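> Model the following, please.
(2 chains)
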Amino acid sequence: MLALQDLSVGYAKTRGAVLEAVSLTAERGSFICVLGRNGAGKSTLMRTIAGLQAPLAGAATLNGEDVAAMRPATRARRVAVVLTERLFSPGLKVDDVVSLGRQPFTSWQGHLTPEDWAIANNAFAQTKASAFRGRFFDDLSDGERQRVLIARAIAQTAQLMILDEITAFLDLPGRVEIMTLLRRHARESGAIVILSSHDLDLSLQLADTIWLLDGKGGFRIGPPHMLASDGAIGVAFDTESIAFAPALGRFELRS
Amino acid sequence: MARVATSSIALGAALAALALYALAHGQITLSIPEALAALFGAHADAMTAQIVVDIRLPRVLTAMLAGGALGVAGVLMQALFRNPVADAWSLGLLAGGQLGVALTVTAAAFAGPAAISFLTLFAGPSITVAAAGGVALTAVFMLTLGRRIGAITLLVVGLMLGFTAQGLTSVLLHFAARAGGRVYGGWSDASFAGVEPASLPWLTLPIVIGVALAVATAKPLTSLLLGETYAKSLGVRVTTLRRLALAATVALVAPVVAFCGPVSFIGLIAPHFARRLAGSARILPLLPLAALGGALLALAGDAIVHAPWEQHFLHLNAILAILGAPVVILILVFSPAVRGWR
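Model (predicted):
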C-alpha cells in the first residue's frame, strides 16, 4: 500500500511548493492516472513519490516504509520509474536495457542468473517487445522504445511503478495498448501503477482512480466517473475556449 | 559471456603472437626462436639479448600497457559522457595532461637547478603526478561543460582545447629549455619507445589502480548509460559514481600521457570493437575486450613504426590516424549503434 501523509512537493527556492499537504492511500494492484495541465506539478509529485526528489514536508510511504528515507539500493527494488525524457545511448542493445531492470538484484558484476533472465523474458513477453531483441535501443521508434522501457520497469519487479507522460509520443492505438498493458500488469502483479497523462479520455476510461491537479494547488482524488460528473475535471482543465461536458465525458468548444 | 570469453582468448592469442613478432623484428631481424631464447636468457649472445630485453621488450610492454589503459579509459569516458566519440584524446585530456607536465617543468626550470634536479631524480612519479593534475582538471571541466552543451559541440570543444593546450605546451617547453630545464625532451609526437625499464613500474601502478576502479564501477556505470535519472532510480549514487569513474580515467590516462605523449584514436575505437565483439554495451564485459583490443592496436601501430624502414622511423600518431580515423568515420556514418545520436 502506498500512503501519502501531508505530502508537500516542490522546490526549496523561488518556485516554492507546487502541491501542499496531500494525504491519500492507494491499494495494491491499482492503476492510477494523474491528470492536470502542463505545469500543474504532476512530474514533481511523481518524482517525489519515486524518491528522486525530497519532499518539502510530509512523507510518501510504501508498505509503511518512507520512500525518501530508504537506502537507494532498497528503493531500487521497490520503485520503478519510466520517464518521458528522450535519451540517446550509443551502442546500448535492447537486451541491455531490459536486463538493467534486474540490476538492483544482481551481484557486483551485474550478471543475470537464469531466474533473472526468466523475469526479463516475461517482461519482454508482456510488453510484446520480444521482436526488438538484438537491436540497438537507439535504432527503435518512439513507441518501440517506450515498450522496451516499460519492459525494463516490469523486469524490476517493483511494488510501485511510476510512469511520467510516457504516452506523449504515441498515436492513439499505441496509447491504448500501453495503458491497457499497464492496467493488466497492475492487476496481475499487484503492483501499484501510477501514470501521468494528457490523455483525458483514455484515463477516465481505464483508470481505477484519478488524481487530479488543478494547477492552482488544488488536488482531488476519486474514481473517474465521480470526478467527471461533479465538475472537478472542468475546474482543472476548462479554458476560455473549451469546457468539459460531464454528460458527454469529453471537451466541447465554447461557442 | 561465452562470446566475451572466446573473443578475449582470440584477442589475447593475437596479442601474444604480435608481441613475439615485435620482439623479433626491427632494424635487426631475428628469428622467433632467437628472440624467445634471448627473452628467457638461454644461449643468446650479449648483443641479441640487449636488443630483445633492453630495447624491444620495454617498448612492447609499454605499447601493450598504454594501449590497454587507453582502451579501458575509452569505455569509461564513452559511458560517462554518453558520447560514442569521447576518449582521452578527443576530449582534450591528453593535451591537458601534457600541459600539466609542461607547466611543472617550466616552473622547475625557472625555480632553479635544485628544482630541476629534484624533478629529474623523481622523473617517473613527478611527471605522472603533473600529468594527472592536467588530465583531472581537463576531465572535470569537460564533464561540467558536457552537462550544458550537446555531444557534438563538446567534441569540437575538446579538440580545440587540445590544440590550445598543445600549443601552450610547445611554447612553455621552449622557454623551459632556454632556462636550462630540459628535463623532458621530445613530446611533439606520441611514442612507446621512450620508456626506461626503470620507469615501467610508474607506468604500470596507476594503470593497475585505474583498471581496478573501472572493474569496481562497471555495474553502476552500465546503468548510467540510461541517463542520470534512471541510474538514480536503479539505486546508483550518481555523484559518487562520476567521481570514481573520473578517478579511474585519470589513473589510466595520466601515466600514458606522461610516458608516451598524446596517443590518438586507440581509446576512441577500442570500445567500439569491444561492443561489437560483446554484442552488448554492458561495461564489465567490455573492459577485457577494450583492454586487449587497445593493446593490440597500440602494438600493431608500434610494429609498423618500427618496421625496418630505410633510415628512420615513422610517426606513431600518423599510423594511428591512418588506422583509426577511417574507422571513426565509418562508425559515425554507418553504424546503427549511433543512429539516434546522429
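
> helices and strands around the helix or strand of chain B with the lowest mean pLDDT, which ones?
In chain B, no helix or strand scores lower on mean pLDDT, DSSP states H and E than helix B:113-121, which sits at a mean of 73. Counting contacts by 3 or more CB pairs under 8 Å, 6 or more residues apart in numbering or on different chains; DSSP states H and E, helix B:113-121 packs against helix B:93-111, helix B:123-146. C-betas here are computed from N, CA, C, even on glycine.

> Of the ones you listed, flag the one that's most buried.
Most buried of the helices and strands packed on helix B:113-121, by mean neighbour count (mean count of other CB atoms under 10 Å in any protein chain shown): helix B:93-111, with a mean of 25.

> Name the residues of the stretch 1-150 of chain A found near chain B, please.
Counting by CB under 8 Å from any CB of the partner chain, the residues of the stretch 1-150 of chain A close to chain B are A:50, A:52, A:71-77, A:79-81, A:83, A:85, A:87-93, A:95-97, A:99-100, A:103-104, A:106, A:108-111, A:135-139.

> In ChimeraX, how would I select the buried members of the residues you listed?
In ChimeraX, a selection of the buried entries from the residues of the stretch 1-150 of chain A next to chain B looks like this (16 or more other CB atoms under 10 Å in any protein chain shown):
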select /A:50,52,75,76,77,79,80,81,83,87,88,89,90,91,92,93,95,96,97,99,100,103,104,110,136,137,138,139
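
> Mark which of the residues of the stretch 1-150 of chain A next to chain B are part of helices, please.
A:P72, A:A73, A:T74, A:R75, A:A76, A:R77, A:D95, A:D96, A:V97, A:S99, A:L100 (DSSP state H).

> Count the neighbours of B:M1 for me.
10 (other CB atoms under 10 Å in any protein chain shown).

> That one contacts B:P285, correct?
Yes - applying CB atoms under 8 Å, one finds B:M1 in contact with B:P285, separated by 7.2 Å.

> which residues does whatever residue of the stretch 151-300 of chain B ends up closest to chain A contact?
Nearest residue of the stretch 151-300 of chain B to chain A (CB to the nearest CB) works out as B:G235 at 3.2 Å. B:G235 makes contact with A:R71, A:P72, A:A73, A:T74, A:R75, A:A76, A:R77, A:Q103, A:P104 under the criterion CB atoms under 8 Å, 6 or more residues apart in numbering or on different chains.

> Quick check: the fourth one vs B:A291, distance?
Right, A:T74. The spacing between A:T74 and B:A291, counted by CB to CB, to the nearest Å, is 34 Å.

> give me the number of residues near A:V34?
As a burial measure, A:V34 scores 27 neighbours (other CB under 10 Å).

> no, scratch that, I was asking about B:D54
Using other CB under 10 Å: B:D54 sits among 11 other residues.

> ok, now which ones touch it?
Applying CB under 8 Å, 6+ apart to B:D54 gives the contacts B:P197.

> Wasn't it part of a helix?
Yes - the assignment for B:D54 by DSSP: H, G, I helix; E, B strand; the rest coil puts it in a helix.

> Quick check: beta-bridge partners of the closest residue to A:L83 other than its chain neighbours?
Distance criterion CB to CB, 6 or more residues apart in numbering or on different chains; nearest residue to A:L83, sequence neighbours excluded, is A:D164 at 5.3 Å. In this structure, A:D164 bridges to A:S196 when assessed by DSSP bridges.

> Thought A:M46 was touching A:D164, still the case?
Yes - in this structure, A:D164 is within contact of A:M46 by CB under 8 Å, at 5.3 Å.
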